[in-house]
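**Q** next come a sequence and a model predicted from it.
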Amino acid sequence: MTKAISTILGSALVLSGLAGAAQAGGLERGGYEWDLLFDTQRFATEAGVAYVMPERKFRNVKDINPADGLGADGKGGGANSVKGTASFAIYNFGAKVGLTPDADCLASYSQPWGVHSKPGANWVGAQDEIEKKVNSHDYGLTCSYKFDVGKGQLRAIGGVSYQEISGFKEGLGLSPNVFKSLDPRLARFPGDGTGRLALEGDGVGWRVGAAYEIPEIALRASLIYNAAVDYDLNGTYDLTKIPALDPVNKPLLGRLTDVYGSTTLPQSVELKLQSGIAPGWLAFGSVKWVDWSVLDIVTFCPVSTKGVVACGPRSPALADSLELMYQDGWTVSGGIGHKFNDQWSGAVQLAWDRGTTTGISAQTDTWTLSSGVAYSPNKDFEVRLGGAVGLMTSGSAGPVDCPNTAGKCGTGITYDFGNDIVTAVSISGKFKF
């Protein structure tokens, strides 16, 4: 059974990352994946890419305060229905080496965090967001050591990661219709009134866990804890497209300002289970918790104020902030795989992801159905294809209570959204010897 199950795993394991990418709660994109560490060959490498296509649409968008002149038309107006999401690709690579019969190490590259939304500049919520994009890179080393315990083997797991993150957010800071009406001399000012916050940073994380395996029946139970990653962020706050109308009270207008901030990407715990249930058949499932509530408001202040004034939501030095306000995420999945013959195997999986929104965004519960096939022309090479379709459930978004402030977050707009579809495709290859 062991040989048959190892073939089935090719099509089954491609689904976990694919379903996670399609759900994408919080800032999660590719997440963490360590299954290559369990490969029975001494040397194994794999690489893959997934392309995710969310179709989230914002409807009935309303400007909470049209009098502020920040709508797309400069009067609090603009389109009140718009697609808010953008498609994206996720890449990963791993190389596993068996150092001894009992010790294995995996070097990996992944893109665990990210987001890309692009409602554009012509909707009612242009002051809230025109485009937002975050990318990440994780360079990891994870090792394990096996001990004989009972009928199987107990594996101790540990590792570290170096992560990089970068991104930007653009929004309408002051409508040209407003500043041109305030001073006719600004009629020829070339700026369009948008502002841009750009950021980058890095951090180090670690993980620890254990797994128990009985290879003869393809039984494996693994539990891995991934620690939170603290980031010191640096960037720029570009308001050069807005005229310097009030240098005393609003000194950042018309300028490019170096800013700093900090944030924490969440800790997580994941339990994975699998077992052969009949010749050529495998059942598998997982439960994952992610501490997304650690991300509420990420603040940025001018570098010139660092060490002079604390940077927080109430800071007088506050330049800009990202109001995320997430709640913890839970993901539960289960599936079944089957070996059709010596070359082909397939699997199907159903996953549920609890939405991380607290009412300020559109990240509601998502149900995802994934399927995948694996083709192995010989024992050393395997190619996998996967596809997924998900249902992002309906809801509405608007102001919510902010921590450490006396007011609300998300005070610019309100909107509704229906049951929308997300789809994804993936391809990966594996070579072992």
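**A** Yep, it's here.
**Q** only C-alpha atoms for contact and neighbour calcs from this point on.
**A** OK.
**Q** what about stretch 57-69, start to end distance?
**A** Taking CA to CA, to the nearest Å, stretch 57-69 runs 24 Å from one end to the other.
**Q** pull out the buried residues from it.
**A** K57, F58, R59, V61, K62, D63, I64, P66, D68, G69 (16 or more other CA atoms under 10 Å).
**Q** in strands only, show me those residues.
**A** Those of the buried residues of stretch 57-69 mapping onto strands are K57, F58, R59, V61, K62, D63, per DSSP state E.
**Q** name the nearest residue to the first one, ignoring sequence neighbours.
**A** In other words, K57. Closest residue to K57 apart from its sequence neighbours, by CA to CA, 6 or more residues apart in numbering: K83 at 4.2 Å.
**Q** could you check how many residues crowd around that neighbour?
**A** By the criterion of other CA atoms under 10 Å, K83 has 15 neighbours.
**Q** ok, it touching W123?
**A** No. Look at K83 against W123 with CA atoms under 8 Å: they stay out of range, at 10.0 Å.
**Q** report the contact partners of A210.
**A** L154, R155, A156, I157, S222, L223, I224 (CA atoms under 8 Å, 6 or more residues apart in numbering).
**Q** isn't there a helix covering F179?
**A** Yes. Looking at F179 with DSSP: H, G, I helix; E, B strand; the rest coil, it is inside a helix.
**Q** confirm for me that it is in contact with L186.
**A** Yes. F179 is within contact range of L186, at 7.1 Å (criterion: CA under 8 Å).
**Q** only alpha carbons, please: show the strand or helix carrying Q163 as PDB.
**A** Per DSSP states H and E, Q163 falls inside strand 152-172. Output of strand 152-172 as PDB, limited to C-alpha atoms (Å, rounded to 0.1, in the frame of the first residue of the first chain):
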ATOM      1  CA  GLY A 152       5.600   3.700  13.700                       C
ATOM      2  CA  GLN A 153       8.000   6.600  14.000                       C
ATOM      3  CA  LEU A 154       7.800   9.800  16.000                       C
ATOM      4  CA  ARG A 155       9.300  12.800  14.200                       C
ATOM      5  CA  ALA A 156      10.500  16.000  16.000                       C
ATOM      6  CA  ILE A 157      10.300  19.100  13.800                       C
ATOM      7  CA  GLY A 158      11.900  22.500  14.000                       C
ATOM      8  CA  GLY A 159      12.900  25.400  11.700                       C
ATOM      9  CA  VAL A 160      13.500  29.000  11.100                       C
ATOM     10  CA  SER A 161      12.500  31.500   8.400                       C
ATOM     11  CA  TYR A 162      13.700  34.800   7.100                       C
ATOM     12  CA  GLN A 163      10.900  36.900   5.700                       C
ATOM     13  CA  GLU A 164      10.600  40.100   3.600                       C
ATOM     14  CA  ILE A 165       7.500  42.100   3.000                       C
ATOM     15  CA  SER A 166       6.700  45.100   0.800                       C
ATOM     16  CA  GLY A 167       3.700  46.900  -0.500                       C
ATOM     17  CA  PHE A 168       1.800  50.100  -1.100                       C
ATOM     18  CA  LYS A 169      -1.600  51.700  -0.700                       C
ATOM     19  CA  GLU A 170      -3.000  54.500  -2.800                       C
ATOM     20  CA  GLY A 171      -6.100  56.600  -2.100                       C
ATOM     21  CA  LEU A 172      -7.600  60.000  -2.900                       C
END
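**Q** just the strands in the stretch 151-300 of the chain please.
**A** 152-172, 194-214, 219-226, 229-238, 256-265, 268-278, 281-290, 297-302 (DSSP state E, counting those that start in this stretch).
**Q** circling back to that earlier point, from D73, how far off is the residue nearest to K57?
**A** 18 Å.
**Q** what do you get for Y91?
**A** 39 Å.
**Q** kindly report the same for Q363.
**A** Note on Q363: its distance to D73, by CA to CA, is 28 Å.
**Q** tell me the first helix or strand C-terminal of the helix or strand in which T331 is found.
**A** Using DSSP H and E, T331 sits in strand 329-339. The element immediately downstream of strand 329-339 (helix or strand, assigned by DSSP H and E) is strand 344-353.
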